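Visitor: After the sequence you'll find the predicted model.
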Amino acid sequence: MIEVRDVHKSFGTQAVLRGTTLRIEKGEAVVIIGRSGGGKSILLKHLIGLIRPDSGSVLVDGKDLAKMSERDMLPVRRNFGMLFQMAALFDSLNVLENVGFVLRRERKHTDAEIQRLVAEALEMVELPGTEKKMPAELSGGMRKRVGLARAIVYRPAILLYDEPTTGLDPVASARIDRLIHRVWEELKVTSIAVTHDMKSARTIGRRIVMLHEGRIHADDTMENIFQSTDPILHNFVNGIAAPRTELA
Amino acid sequence: MQKLPIQRVRDAIEELGEFVRLGVETLGSLRFKRPSWRQFVDQLHFIGVKSQSVVLTTGAATGMVLCAQTYFQFHKVKMDTATGAVVSVGMCSELGPVLAGLMLTGRVGAAMSAELGTMKVTEQIDALRTLATHPVDYLVVPRVLATIVSAPLLTAQSVVVGILASYMIGVHLLGIEGAYYLANMRRYTDPVDVVTGLIKAVVFGIIISLVSCLKGLRCPQGAEGVGRATTESVVAASISILIVNFFLTLFLTRLFHG
C-alpha cells in the first residue's frame, strides 16, 4: 500500500505539489492524469523516493521514504519496477545485460538462470531473441518494451509508468498499452501510470486520479471520470481548450 | 546574472562539502559492498591501458625538453653531467606525477563527467536507483579504484620514458658522457623521490575521479549542462592538482627529509 500525505514540493519559486494526498491499495491500476508540466512525473518519482518532498510523507507499506537515506531506500525500491518516459536503458549494455541487470547485481542466479528469466521477460513484451542487440539498434517502441521487460523481470509488486506512450506512433502506443494491461492482469501487480493520453488511460487504468495545480482534483473510477461534468475534468478528458477568459 | 563574491564563496564551500561527502560515501561503499569486478576491469582498461600513449608521449617530451634546457644552462658553468640528476629528480617527484595527472584529467576526467552527466540527463542514473542500485556503488567506486590503481602505474611509466628520452638527447645529441650522466643520476636520485611521485599520483587519481564523478552526478539538465559539467570537472581537477601538489611537496619533504 502506498500513501502520499500532504506532500509539498517546489523547485526554486515554482510550487509543483501543494499538499497532494493520495492512497493506492495493493493490486490497483491507477492512472494519474493532468496537464503537461503539472507535476505528474514529479509525484510519480516521489512514490519511489527518486525525489524527496519538501514537507509531507510518502509511505510504502508503512515505511516513510522521506525519512530514509538513499542506501536504506534500496531494499524498498526492490519492490518497484519503473518504466521511464524515454525508457532510460543503459546504453553501454546490451538488451540481455539491461534486462538482467538486477538479477546479475543480486548474485543469486546463475548465468543460465538469468538468461532464461530474461528470455521469458522478453517473450512477455513480444521481443524474443533480441538479447544481443544494443539500445541504439532499437526503435522507440522496442526500447520501451525492453524497459518494461527490465522492470518486470525480477517480479516487483508495484510497477510505475512515466508517460509510457509519449513519442510513439498510434500502433506502438496501443501495443505498449496492451502490454501494460497484460502485465497488470497476469502478474497481479499494483500499476501506477502517469499520462495525458486519454486513450492510453482508458486501456491501462481502472481508477483515474487528476492532478491539477499541485493537488488531487479528482479521484474516481474510469467510468465516472469520463462522465464527469466538472468543467476542468470534462475539458481535459475531452481535449477541449479552455476559453481565453478562463485561462486568465 | 553575475554572482556576488559571497555567493561564489558559498558555492565553493558547498561543493567542497559535496566532494567530501562523495569521498565518505565511496569509502562506506567499499566497506559494505563488494565492487563490481567487471566495471572495475572495464574502467582499468579505459583509464590505464588507453591512456598510455598520451601519458608516455607527455613523459618523453617533458624529459627531452627538461634535459635540453638544463644542459644549456649547466653547460655555461661546466656542470653538463649533472643534467641527468636534475631530470631524474624533477621527473620522479614533480613533473612526472603532475603532468600525468593533468593529462589524465583531460582524457579520463572529461570522459567520466561527460558519461555520468549524459546518464543523469537521460534518466539512466534514476533508472539505476529504481533498480535498487546505489549510483556510488555501481558508477563511482569502480572509477575511483581504477584511477587509484592506474595513476601511479602511468606516472611510473611516464617517468621511466622521460628519463630514457632525456638520456638519448643528453648523451647522443648533446654529447654528455653517458657513464657520468647515469652515475650522477643514481647519486642524486633518492628512492624517496620515487615514493613521493607515486604518493602524489595516488592522491591525484583520487582527485581526478572524485571531482569528475561529482560533476557528472550533479550535472544540470540538457546538452549544455553536460558540456558545462565536463568543462568544470577538467578545470576544477586541474587546479586542485596544482594546488594540492604544492602542499604535498611541502608535507612529503618534511616527512621524508625531516
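Guide: Okay, I see it.
Visitor: Relative to chain A, which residue of the stretch 151-258 of chain B is the closest?
Guide: Nearest residue of the stretch 151-258 of chain B to chain A (CB to the nearest CB) works out as B:Gln221 at 11.3 Å. (Glycine included, C-beta is placed from N, CA and C.)
Visitor: OK, contacts around that residue?
Guide: Counting by CB atoms under 8 Å, 6 or more residues apart in numbering or on different chains, B:Gln221 makes contact with B:Val121.
Visitor: which residue ranges form the helices in the stretch 1-150 of chain B?
Guide: B:5-32, B:37-44, B:52-74, B:83-90, B:96-104, B:110-121, B:124-130, B:135, B:141-167 (DSSP state H, counting those that start in this stretch).
Visitor: Show me the helices in chain A, by range?
Guide: A:40-47, A:70-77, A:95-99, A:101-106, A:111-124, A:140-152, A:170-187, A:198-204, A:222-227, A:231-237, A:244-247 (DSSP state H).
Visitor: give me every residue that touches the spatially most central residue of chain A.
Guide: Geometric centre of chain A, nearest residue: A:Tyr161, 1.8 Å, by CA atoms, centre = their mean. Residues near A:Tyr161 by CB under 8 Å, 6+ apart: A:82-83, A:180, A:191-195, A:204.
Visitor: coming back round to it: go through the helices of the stretch 1-150 of chain B and name the closest to chain A.
Guide: If you check each of the helices of the stretch 1-150 of chain B against chain A by CB to the nearest CB, helix B:124-130 wins as the nearest, at 3.9 Å.
Visitor: close to chain A, is that closest one?
Guide: Yes - Helix B:124-130 lies within reach of chain A by CB under 8 Å from any CB of the partner chain, at B:124, B:126-130.
Visitor: Can you convert those into JSON lines and add a column each for pLDDT?
Guide: Below are those laid out as JSON lines (pLDDT from 0 to 100):
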{"residue": "B:Gln124", "pLDDT": "96"}
{"residue": "B:Asp126", "pLDDT": "96"}
{"residue": "B:Ala127", "pLDDT": "96"}
{"residue": "B:Leu128", "pLDDT": "96"}
{"residue": "B:Arg129", "pLDDT": "95"}
{"residue": "B:Thr130", "pLDDT": "96"}
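Visitor: which phi and psi does A:Ala88 have?
Guide: phi 50, psi 40 (degrees, to the nearest 10).
Visitor: burial of it, as a residue count?
Guide: Other residues within reach of A:Ala88, judged by other CB atoms under 10 Å in any protein chain shown, total 24.
Visitor: pLDDT below threshold where in the chain?
Guide: Because you didn't say which chain, this covers chain A. Along chain A, segments meeting pLDDT under 70 span A:242-248.
Visitor: nope, chain B
Guide: Residues of chain B that meet the cut-off, pLDDT under 70, sit at B:1.
Visitor: so where's the longest helix in it?
Guide: helix B:222-257.
Visitor: Which strands or helices does that helix pack on?
Guide: In terms of contacts (3 or more CB pairs under 8 Å, 6 or more residues apart in numbering or on different chains; DSSP states H and E), helix B:222-257 is packed against helix B:96-104, helix B:110-121, helix B:191-217.
Visitor: what angle sits between it and helix B:5-32?
Guide: Angle of helix B:222-257 versus helix B:5-32, following axes from the mean of the first three to the mean of the last three CA atoms, to 10 degrees, is 70 degrees.
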